[in-house]
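Asks: All I have is the shape, not the residue letters:
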């Protein structure tokens with residue numbers, strides 16, 4: 001399956017596509033590319049009045065969040081809420097969660113007057129649904145509810161850690177410029 005086919009399949013919430021992505025160690029770079037493009041789209045699609053930071057800062061923070069969310073998902077899913085058949089690696093989670101960001105590319109249309117904010121919200125919710133499926137498949141869960149719980153817990157942990165590191169990095173960068 002080609003890279004675009006995988007991205008579209010992930011956006012279409014196709015379970016076999018997530019299984020293929022999970023198994024392909026070469027797909028980690030592709031997942032990174034999707035995370036970057038999706039978050040560039042989000043940075044462009046968000047009105048600067050809504051979030052006061054540059055697109056580059058938002059993309060960097062999103063990349064930190066992606067990595068920390070995958071690590072937190074690994075820990076929560078494998079050690080706190082495993083099912084008997086649960087087996088995974090951080091790489092599998094990075095790949096599946098990364099491809100789950102595919103619908104987020106549509107967030108670039110947040111700029112469109114009148115309907116942009118609606119497109120932005122719909123694509124963000126769509127992306128979260130894809131993340132739940134990605135987590136369910138990567139953790140070999142039978143229960144979608146368990147995947148939702150892992151997603152919420154790991155998402156909160158990921159946000160806190162990424163925000164901490166993001167604030168640290170940005171404050172160090174500001175000090176270096178001063």
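Replies: Sure thing, it's come through. Source: prediction; values computed, not measured.
Asks: from what I can see residue 154 touches residue 79, true?
Replies: No: between residue 154 and residue 79 there is no contact under C-beta atoms under 8 Å: 11.6 Å. From N, CA and C alone the C-beta is placed, and that goes for glycine too.
Asks: more crowded one of the two?
Replies: Set side by side, residue 154 and residue 79 show more neighbours around residue 154, with 26 against 9, by other C-beta atoms under 10 Å.
Asks: how far away is the more buried one from residue 142?
Replies: Between residue 154 and residue 142 the distance, using C-beta to C-beta, to the nearest Å, works out to 19 Å.
Asks: Repeat that for residue 32.
Replies: Remark: distance between residue 32 and residue 142 (C-beta to C-beta) = 29 Å.
Asks: Looking only at neighbour counts, state which of those two leads.
Replies: residue 32 (16 against 11).
Asks: quick one, what contacts that one?
Replies: 63, 94, 98 (C-beta atoms under 8 Å, 6 or more residues apart in numbering).
Asks: separation between it and residue 82?
Replies: Distance from residue 32 to residue 82, by C-beta to C-beta: 27 Å.
Asks: Then residue 133?
Replies: Taken as C-beta to C-beta, the span from residue 133 to residue 82 is 18 Å.
Asks: So which of the two has more stuff around it?
Replies: residue 133 (20 against 17).
Asks: List the buried residues of the host helix or strand of that one.
Replies: Using DSSP states H and E, residue 133 sits in helix 116-138. By 16 or more other C-beta atoms under 10 Å, the buried positions in helix 116-138 come out as 116-117, 119-120, 123-124, 126-128, 130-138.
Asks: how about the closest residue to residue 54 other than its chain neighbours, what does it touch?
Replies: Closest residue to residue 54 apart from its sequence neighbours, by C-beta to C-beta, 6 or more residues apart in numbering: residue 43 at 8.0 Å. Contacts for residue 43 (C-beta under 8 Å, 6+ apart) come out as 54-56, 58-59.
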